[in-house]
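Chemist: Just to be clear, the model below is a prediction. Sequence and coordinates:
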Amino acid sequence: MKYVDEFRSKDGAKKLATEIARTVDPNRSYHVMEFCGGHTHAIFRYGVQDLMPDNVQFVHGPGCPVCVLPIPRIDAAIELAERHDAIICSYGDMMRVPASKKRSLIKAKADGADIRMVYSTQDALKIAQDNPDRQVVFFAIGFETTTPPSAVAIKQAQALGLENFSVFCNHVLTPAAIQHILQAPDLRDFGAVSIDGFLGPSHVSSIIGSQPYDYFAQEFQKPVVIAGFEPLDVMQATLMLIRQVNEGRFEVENEYSRVVTPEGNLKAQSLVQEVFELRRSFEWRGLGDVPYSALQIRECYAAFDAERRFDLTKSKGQDVKACECPAILRGAKKPTDCKLFGTVCTPDNPQGSCMVSSEGSCAAYWSYGRFRLAQNQVA
Amino acid sequence: MKYVDEFRSKDGAKKLATEIARTVDPNRSYHVMEFCGGHTHAIFRYGVQDLMPDNVQFVHGPGCPVCVLPIPRIDAAIELAERHDAIICSYGDMMRVPASKKRSLIKAKADGADIRMVYSTQDALKIAQDNPDRQVVFFAIGFETTTPPSAVAIKQAQALGLENFSVFCNHVLTPAAIQHILQAPDLRDFGAVSIDGFLGPSHVSSIIGSQPYDYFAQEFQKPVVIAGFEPLDVMQATLMLIRQVNEGRFEVENEYSRVVTPEGNLKAQSLVQEVFELRRSFEWRGLGDVPYSALQIRECYAAFDAERRFDLTKSKGQDVKACECPAILRGAKKPTDCKLFGTVCTPDNPQGSCMVSSEGSCAAYWSYGRFRLAQNQVA
Amino acid sequence: MLQRKPGSKRFPMRLNIKKGRVDMTHGSGGRAMAQLIEELFASHLDNELLAQGNDQAAFSVPAGRMVMSTDGHVVSPLFFPGGDIGSLSVHGTVNDVVMSGAKPLYLSASFILEEGFPLADLDKIVASMAKAAEETGTPIVTGDTKVVEKGKGDGVFISTTGIGIVPDGLILSGDQVQPGDKILVSGYIGDHGVAIMSSRENLEFETSIASDSQPLHDLVADMVREVPEIRCMRDPTRGGVASTLNELAQQSSTGMRLQEEAIPVRPEVHAACELLGLDPLYVANEGKLIAICPADQAEKLLNVMRAHPKGQDAAIIGEVVEDEHSFVTMETVFGGQRIVDWLAGEQLPRIC
Amino acid sequence: MLQRKPGSKRFPMRLNIKKGRVDMTHGSGGRAMAQLIEELFASHLDNELLAQGNDQAAFSVPAGRMVMSTDGHVVSPLFFPGGDIGSLSVHGTVNDVVMSGAKPLYLSASFILEEGFPLADLDKIVASMAKAAEETGTPIVTGDTKVVEKGKGDGVFISTTGIGIVPDGLILSGDQVQPGDKILVSGYIGDHGVAIMSSRENLEFETSIASDSQPLHDLVADMVREVPEIRCMRDPTRGGVASTLNELAQQSSTGMRLQEEAIPVRPEVHAACELLGLDPLYVANEGKLIAICPADQAEKLLNVMRAHPKGQDAAIIGEVVEDEHSFVTMETVFGGQRIVDWLAGEQLPRIC
Amino acid sequence: MCLALPAELIAIDEASDMGTVSLEGVKKQISLALVDGVKVGDFVLVHVGYALNTISPSEAQKTLELMNEAGLVSADEEAAQ
Amino acid sequence: MCLALPAELIAIDEASDMGTVSLEGVKKQISLALVDGVKVGDFVLVHVGYALNTISPSEAQKTLELMNEAGLVSADEEAAQ
Ligand code: SF4
Ligand code: SF4
Ligand SMILES: [Mg+2]
Ligand SMILES: [Mg+2]
Ligand SMILES: [Mg+2]
Ligand SMILES: [Mg+2]
Ligand SMILES: [Mg+2]
Ligand SMILES: [Mg+2]
Ligand SMILES: [Mg+2]
Ligand SMILES: [Mg+2]
Ligand SMILES: [Mg+2]
Ligand SMILES: [Mg+2]
C-alpha cells in the first residue's frame, strides 16, 4: 500500500532507532505524550517502545474519542433506543463500551434495542430513508477528523427533507483537551511526570491544520511535533521532539507534511462551522468538565439535534469504582496501576472504556504488552 | 364427553338406520338438503350416507361460511395487510382459502404480510392492545353463530378506547340464503333435483331460534327439521323429515331442542342488533348477489369498521375457471362433477374454497369419500 | 467448537448465567465463546469424548450395520409440560435412530442461539439435554454453537444427529411391510401436540396432559430382541399417526385399515382436539412408535410392549391390506368408513 | 424426514420452484412437506442411502476409529463470492472431520427454513450442497426440514454432521503439540471473511477476493499419508488463525511464536482489513488448515502441501515454544513483538 | 359449520363476565358476554371462546329417548320377524 | 485515533460528489463532500467513508528522505566505528 508500507519498514526503523539513540542526552529523560490513541496503537502494535532508549518514555494521552466519552452519554444513547424506540446508528467502536449497570450498546441490542452498526454517516442516512416510520439517531462521536462527516450528513438530511433523522452529537475538540491537561495544576501534579513534548495528532491536524497548536506551544513552552500514525512517523517525530528538547526549542513542527498543512482543510472547517457551535462546557472522562471542548448542533439545525428532539434523562452513571481510566486518560497512571487490570478487567470483560477501544491504553497494554508483563513476572 | 358421546353411538345408529329403512316409501326418493357444512362434515366423517336407504340422498348446501366468501373479500383482507400494513387477525379456517392470483392468507404471510391466526375475537383485541402502533383488523367471517362474538369485540374495543382495532365484517345470514335457494328459479332448475326438505342449522339456530324458518317452510311448502351436528342427530332429524314428507307436512320441527328454542338467544340477538345492520346486498360465492343476506357495522360504530377506515380497491378476483364451487354450493353439482377434483385440486392444492374448509363438500368428498371412488373405479 | 477446553482460570469473571443474555460475542469464535462453551455447555454435557477438545470426536466402532439420523428442533414454546427443547432434541433423534432397531451410540448437537436469549434458560435446556443423553446412554460427543442477531432466530434451535449400531441380522424398513401384517401403536396418541398447544399463548387452555417426549431405546431393545421379525417401526411425530401410516403405505405399496375404537386416545386429548377442531390422528407424538409385524407375531409383540412401562398402553390398531392406491382407511366408532389421508396444509385450530 | 419417498405421481401439481416460497405447510409433516422433499431436496441429493426412505440411513462400517463432527451454518449473505451456504455447509463439516486425518464417509443435513424463503434460492443452495457432497465423496444420507415463522429465522440455516474413519495408527489431537514443533498454514488467510464482508449490505466494497471455502479431504489425505507424524490439524474458521492457535496453545499448554512476515495474506485482504480496522489474523477461513508437526518433518510436510493445488501457498509461519502462560506471540514485520490474543468480542469494523 | 361443543361451566368471574369450562378435564377460559343467568354446573355450548347457550338436560334426555324409541320399535319388529 | 488510509482515487462522480478509491484492488465508494478539486489519480486520505485530504507526493518524498538521512548519518557513524 502506497504511503503506508514505506512508513512501516523494518530497515527504516533500525536506522531511526540508531539515530535516536545517538541523539538523546543520556543524562536526562524524555517524557513524550502522544495525545492520540492512534499513536498509542502504533507504538504497541509495532513495538516502537522496544526500539527506544530507556530514557525515552511515551506517556499515553486522552486522544481516543471512545475512551473519553463519559458514561452518561452512552446511557443516553441506550435511552434513545430503549425509551424513545429510536434506531441508533453507531460506529462499531462504541458497541462494547461499558455504560452504567453493566450495560453497553451490544447488551442493549441483545435486550431488544434496535442498534445498528454503521461504517459511515452515509449508512445512517440510508437507514433513515429506508425506515420512514422510525426515528433514526446517529450516535456521533469523535474528534475533529470525524466531525465533518457528521456535518455533511446533517446538511444532506436537510436537503432530503428527512424528518426522522437526527444526530446525538458528542464531537470533541483536541486543542482544548491538550490545553486543559497542561493548564490544570492538579492534573500536572497528579501524575508526577512532567511532559517534555507532544506528538501532535495526525488526522485531526489534517482537518484543523498545524496552526492551532502554536498558541499552547508558546504559552506552555512545550514542543509539539505533528506525526503520522505509521510507526516510522512516530519514530521520526520523536526524534524531532528530542532534538527540540535538546536545543531548548518549543516549536510546532510537522512531520506529517504529506497530509497536514498549516491551515488544514478549509472546506471541512467551514462545513463544521456552519452546522456546529462550541459548547460552553463538556464532560470528558478523566478530565471532568472542560470548557469549550466540544461541539453542539446550531439552533438553525435544531431539527436534527437528538438532544433537542428527545427528552433525555440526566443519567448519573459513573465508572466502575476501581477503574483508573480517568487517571490513565490524564497520563497520570498506567494500566498496570489499576487493580482490575488483567484480572477482572480484560478485553472480553471490559470494565472501562480504555479496555475496549483498540486505541485505549489498557487494551493496548493487554493485547500487545501482556507477554512482556508475563516475562517480567517470570524473571 | 357428555352431550356428545351419547349422540355418536354405534348402537343408536343401527337402531335409527333400521327405523329409517322401515319408514321410507320405497316408491319415491328423498332429497334432503343439509344447509350446514357441519352436517355435511358429520355425514362424511361418520359415514351416515352408508346407513341410509338408497333412495335417501343428502344434497349439500351453501352453509359453510368459509366456502361462500367470494374471492374479492379475501383479496381485500390481503390488501389490508399488505397495502395498509395492518395486522390481520383471522380464524384458522381462512388461512389457506385461495384468493386471486394463486394467493391466500398463508401465502401472503409467507410473503411478509402480518397475518395472525386467532381462536377468538378476544385474542384479536389483545393483539390490538399489545400493538398500539399498528392497525389491527379482525377478519370477521361466519353465520349468525359467529356474529355475536364480533359484536362483543366491537363493544369492548369501544369501552377500552382502542383506536387501532377494527373489524372487516363478512357476517352472513342463513335464512336469507335458504330462501334465495328456494326462490331463484334458475337455481332450482339448475341442479335438476328438487329438494324435499331441509336439515336446519344447529348452532345458527341456537342464536336465532327456530321461528325464522317458519316463513319459508310455509311459503315454499318444504319441511325443515333443525338438527344437531352429531351423527345421531342427523339421522334422527332425517327420520323426522322423511315422516313429514310421507305425511305431506311442511313444518319446522326441532330435533336439537337441548339447545335450540323457538326464540333463540335474545341477548346475543340484541347485541348483534345494536352493532350491525342489514346490507342491502352481499355477494355469496355460488349464489351471486343475495339481497339482505349479510350484515354491516352500524354508522355509530363506524370507527371500528375496517371498510370505512381503509380505502379498499374493488378486486375483480374470480374463481379458477373450471372450479365448480358455485354450482356445488347451490347443490346443483357434486364435487365429482368438477374436472379438477382430485387431479389439480386437492386439499394440498385447493383451487376453490370447497376444497379447503373441512366443511366444504369437495374436501369432505376427498377426505372421507375418496376410498369409495377408488373402490368404484376398481369395481 | 463445543468441545471442552482443558479447565483453567482463563476467564477472570464467571459467566453470569443467572442474569446474562446471549450476545453476538458468544458466537464470534473468541474467548467469550470459549467461555460459554466451558462454563455452560461443557459443564453439563461433560464426557470423555467431548473433552478431547478437537474439531471432532473420535471413538472406536465395531464393524457392522450403522445407522445415522438427524433432526432439527424448533419447538415453541421452548419449555412445555413434560419437557423442553433440550430433552426433546435428544429424544427426537434417539428415537429416529432406534426405529431401525439399533442401539444408539453417540449424539452431536448444533445450537443456533438468538441474540438476547437468557443464559439461564439456555442453562436449563442444556442441563435437560445432558440428563436425557445420560438416560439414553448416548453422550453428546461433539457440537457447535452459532449466534444470530435478534429477530433472526427464535431463542434457540437445536439440531442433533445420532448414530447407532444395528444388531446383526436385523433389517427394519418401511418397504418390508406386507398385506396381512398388523399395525401396533405403543400407547396413547396426541399427547405431545396437545401439550404444546395448551402452552401456546393464544390458545391457552389448561390440561393435565404432558408431552409424551421420551426415548424409546429400551422399549425397542425389548421388542427387537423378542420379535426380530418386526417389519418396521416409525415414530409418529409431525403429521401424527395419520401421516406416518400414509408414508409407510406409500413406501410399501400397501393399504392400511384401522379400527378407530382400538386407537388409544386419552379423553383429555380427545376433548382438546374437539375444542380446537383438530384430529388426534394428525397430532404429533414424541415418545410413541408405530410397529408393523407379521400377523402371527402381533400378539407376542403386543405382550412384549405391554410388559414395558413405555408400552403398557400399546394396542393393535389395524392391519395392512392390499391396495394399489395406498389408502389408509378407518372404520369409525360409529360404524362408518373414512379415509385417513395425509395431513393437508397445517393442523390449525378452526372454528368450523 | 428428508429421505426420498419412492417416486410416484402423488403430487398433482409440481412444486413451483421458480416462483414459490416456503410456507408453514412445508414443515407440517404432511403432503406439502413430502413434496418439497421429493421434488426439491431428493432431486438434488439423490443417493441410495437417502432413498431408503426410513427415519434413518443404514450402512456398513468397518471396525476402527471413527470421528464425528457437526457445524451449524448461519452465514449472511447466503450467496457470496466463491460459494453459498450450501457448499459451505458441506465444506465446514467435512473439514472438521478430516482435521483428524480421517477419510470422510457420510453427512446428515438439518434445514431450518424461514417462512417466505424463495424456493428458487433453496433449490440453488441444495444443488450446491449436492455438488460439494459429490466432490468430497460424502453423500448426504439423512436429513430433516423444519419451517419457522417469518421473522424467526434468517432464510435458511443448515446444520450438517459428518462421520469419517481414521486410517489405522493415526492419532491427531491438539494435546499432542510439543515445544519445538513447527506451525504451518496451507495458504492465504482471511479470504473467506473478507469476501463475506465485501458482500454485506452496509459495508459494500468491491474486491476480486472470493471465499476460500473448499473441502480439504484430498490435501489432508496426502499430508497424513506422507507425514503421519503430524501432531494435529485444525481449520481456522471463526476467530481466524489467532483464535485457533490460542485454542491449541491452551490445549497443549505451550506457547506459539509466529513470524508476521511468513504469514500469507493477499494484498487485497490486507487492504480491506486496513480499511475496516480489522486484523487478518482474526478473520475467518473456510478452506485453510493449520498443521503442527515435529520440526524435522516441517520441510517435508511443506513440500507435500505445496505439491497439492490446495496447499500451493502453504508456509511455515512459526513454532511452538514453552510458555506456562500459553501466549501466542508474533514478531511483527517492523521487528517488534506483539501478543496475538484470542479474539475479544466480535470483529467489528471500526473507525479508530 | 360453527364448531361448538357442550362443556361444563365450573367457575364464573362476574366482574369480567368470564367463566371457566371443563371438558374431560381440559379447562378453558371463555366469555359469558352472550349468556345471562348461567351458573356453575350448567353445560354451555362453546364457540370461538364464547358460551352461546345452555344445554337443557331434560330436552337432551327427551331426544335420546326419542331415538331409543325408534330403536325399540325397530327392535320389536326385528324380534317379531 | 481516527483510522484513515491513503487510497488512490480512480473515479469521480461529479453529480453525487462521490468517488471510488482503490486500495490494492479493493474498491470503495466514498464521499468527496469534504474535498475540492481532487482528480483521478490523486491519493486521498479516507476516513469513515469520506475523503479528508489529498496526500502530497512531494511532501511524502521529503519525509522519507528525512528518515533516510537519519539512517545515512547513523550508517556512516556505524561504519566509522
Ligand atoms: S484496566 Fe479496566 S478497570 Fe482498570 S483502568 Fe483500564 S479500563 Fe479501567
Ligand atoms: S374440486 Fe376444487 S376446483 Fe373443483 S369445485 Fe371443488 S374446490 Fe372447486
Ligand atoms: Mg464448529
Ligand atoms: Mg430424523
Ligand atoms: Mg425425530
Ligand atoms: Mg421419525
Ligand atoms: Mg426428522
Ligand atoms: Mg464442527
Ligand atoms: Mg467447521
Ligand atoms: Mg474447525
Ligand atoms: Mg353473561
Ligand atoms: Mg467535493
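Modeler: Structure's in. What do you need? Ligands and ions are numbered 1, 2, ... in the order given.
Chemist: OK, contacts around the residue of chain A found nearest chain C?
Modeler: Of all residues in chain A, A:A110 sits closest to chain C, at 4.1 Å by CB to the nearest CB. Just so you know, the C-beta spots here come from the backbone N, C-alpha and C atoms, and that holds for glycine as well. Neighbouring residues of A:A110 by CB atoms under 8 Å, 6 or more residues apart in numbering or on different chains: C:R21, C:V22, C:D23, C:M24, C:E115, C:G116, C:K150.
Chemist: where does the chain dip in pLDDT?
Modeler: In the absence of a named chain, chain A is used. Scanning chain A with the threshold set as pLDDT under 70 gives A:184-193, A:371, A:373-379.
Chemist: oops, chain E please
Modeler: Chain E contains residues with pLDDT under 70 at E:1, E:71-81.
Chemist: residue ranges for the helices of it, please.
Modeler: Applying DSSP state H to chain E gives helices spanning E:57-80.
Chemist: By residue count, what's the longest strand in it?
Modeler: Selection of the longest strand in chain E by residue count, based on DSSP state E, yields strand E:5-13.
Chemist: That one and ligand 11, any residue contact?
Modeler: No: on the criterion CB under 5 Å from the ion, strand E:5-13 is out of touch with ligand 11, staying 8.6 Å away.
Chemist: quick one, what contacts whatever residue of the stretch 151-300 of chain A ends up closest to ligand 10?
Modeler: Residue nearest to ligand 10 within the stretch 151-300 of chain A: A:P231 (34.2 Å; CB to the ion). Residues counted as contacts of A:P231 (CB under 8 Å, 6+ apart) are A:F7, A:R8, A:A13, A:A42, A:I43, A:R45, A:Y46, A:V48, D:F334.
Chemist: what do you get for C:P104?
Modeler: With contact set as CB under 8 Å, 6+ apart, C:P104 has these partners: C:V94, C:V97, C:V98, C:T136, C:G137, C:T138, C:G162, C:I163, C:G164, C:H217.
Chemist: who's it bridged to?
Modeler: C:G164 (DSSP bridges).
Chemist: that older thread, wait, which of the contacts of A:P231 is closest to ligand 7?
Modeler: Nearest to ligand 7 among the contacts of A:P231, with distances taken as CB to the ion, is A:R45, at 50.4 Å.
Chemist: quick one on the thing from earlier: neighbour-wise, which of the contacts of A:P231 leads?
Modeler: Most neighbours among the contacts of A:P231, by other CB atoms under 10 Å in any protein chain shown: A:A42, with 29 neighbours.
Chemist: if I look at it, how far off is chain B?
Modeler: Look at A:A42 and chain B: by CB to the nearest CB, to the nearest Å, they are 48 Å apart.
Chemist: Tell me which two in the contacts of A:A110 are the farthest apart.
Modeler: C:R21 and C:M24 (10.9 Å; CB to CB).
Chemist: shared neighbours of these two, which are they?
Modeler: A:A110, C:E115.
Chemist: What is the burial count for the residue nearest to A:R372 when sequence neighbours are not counted?
Modeler: Nearest residue to A:R372 in three dimensions, chain neighbours excluded: D:Q337, at 7.9 Å (CB to CB, 6 or more residues apart in numbering or on different chains). Neighbours of D:Q337 under the rule other CB under 10 Å: 18.
Chemist: For D:Q337, list the residues it contacts.
Modeler: Neighbour list for D:Q337: A:G47, A:D50, A:F371, A:R372, D:T329, D:M330, D:E331 [criterion: CB under 8 Å, 6+ apart].
Chemist: Could you list which of these belong to strands?
Modeler: Among those, the ones falling in strands (DSSP E) are D:T329, D:M330, D:E331.
Chemist: Closest to ligand 3 out of those?
Modeler: D:M330 (25.0 Å).
Chemist: Which strand residues bridge the closest residue to the closest one other than its chain neighbours?
Modeler: Nearest residue to D:M330, sequence neighbours excluded (CB to CB, 6+ apart): D:L258, at 4.1 Å. For D:L258, the beta-bridge assignment (DSSP bridges) gives partners D:G318, D:M330.
Chemist: Now do the residue of the stretch 151-300 of chain A found nearest ligand 5 against ligand 8, distance only.
Modeler: Among all residues of the stretch 151-300 of chain A, A:N164 sits closest to ligand 5, at 47.5 Å; criterion: CB to the ion. A:N164 is 44 Å from ligand 8, where distance means CB to the ion, to the nearest Å.
Chemist: Likewise for A:Q318?
Modeler: Distance, A:Q318 to ligand 8, using CB to the ion: 43 Å.
Chemist: Tell me if that residue really is in a strand.
Modeler: No: under DSSP: H, G, I helix; E, B strand; the rest coil, A:Q318 sits outside any strand and is assigned coil.
Chemist: give the contact list for C:E204.
Modeler: Contacts of C:E204 (CB under 8 Å, 6+ apart): C:S198, E:K28, E:Q29.
Chemist: now do 10 Å
Modeler: Listed by CB atoms under 10 Å, 6 or more residues apart in numbering or on different chains, the contact partners of C:E204 are B:Y119, B:D123, C:M197, C:S198, E:K27, E:K28, E:Q29.
Chemist: and of the contacts of D:Q337, the nearest to chain B?
Modeler: Nearest to chain B among the contacts of D:Q337 is D:M330, at 48.2 Å by CB to the nearest CB.
Chemist: burial count for that closest one?
Modeler: So D:M330, with other CB under 10 Å, has 25 neighbours.
Chemist: My guess is it contacts D:R338. True?
Modeler: Yes: between D:M330 and D:R338 there is a contact under CB atoms under 10 Å: 5.5 Å.
Chemist: and stretch C:171-179, does that touch chain D?
Modeler: Yes: against chain D, stretch C:171-179 shows contacts by CB under 10 Å from any CB of the partner chain at C:I171, C:L172, C:S173, C:G174, C:D175.
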